[in-house]
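A.B. asks: Fold the stuff below for me.
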Amino acid sequence: PAFVFLFGVVSLVWNPPLLLALFYVVISVLTYFTYAMDKSAAKKGGWRTSESTLHWLSLLGGWPGALVGQHTLRHKSNKAPFRLVFWVTVFVNVSLFLLVASPKGQAYLEMFSLQL
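C.D. replies: Numbering: from 1, shown residues only. Just a heads-up that it's a prediction; the model follows:
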């Protein structure tokens with residue numbers, strides 16, 4: 001809920017591209033299902049998703065889906081080292097979001113023709 005609020009405020013102030021919101025939704029859903037598959041594999045003793053893959057998905061913007069997966073699936077929610085790295089990925093991603101959504105960030109992306 002806090003990120004949705006932050007995204008809303010940023011949208012009112014800086015008007016970031018709608019594609020950015022869509023990206024967060026898609027990567028979060030993908031991340032949630034990755035957590036679900038990993039939880040299922042853990043129960044069945046099957047092939048597991050590496051923790052680094054889960055962290056990369058979070059860093060790319062899937063951390064809302066990861067957070068929901070951790071709570072609803074009770075997966076990776078008690079491993080302190082994993083959770084520490086997870087929260088670092090959240091901090092880095094939100095910082096990058098603010099940078100990209102800012103007018104200076106948008107101008108920088110436009111300079112390199114990387115409009116979202």
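A.B. asks: where's Ala42 relative to Gln70, distance?
C.D. replies: To Gln70, Ala42 is 13 Å away according to CB to CB, to the nearest Å. C-beta here means a position set from N, CA and C on the backbone, and glycine is covered the same way.
A.B. asks: So for those two, which sits in the more crowded spot?
C.D. replies: Gln70 (22 against 14; other CB atoms under 10 Å).
A.B. asks: My guess is that one contacts Lys76. True?
C.D. replies: Yes - here Gln70 reaches Lys76: they are 5.5 Å apart, a contact under CB atoms under 8 Å.
A.B. asks: tell me, what's touching those two both at once?
C.D. replies: Common contacts of Gln70 and Lys76, defined by CB atoms under 8 Å, 6 or more residues apart in numbering, comprise Tyr35, Phe86.
A.B. asks: Remind me which helix or strand the residue lying closest to Gly46 once chain neighbours are set aside belongs to.
C.D. replies: Closest residue to Gly46 apart from its sequence neighbours, by CB to CB, 6 or more residues apart in numbering: Ser40 at 7.5 Å. Ser40 is part of helix 18-44, with elements assigned from DSSP states H and E.
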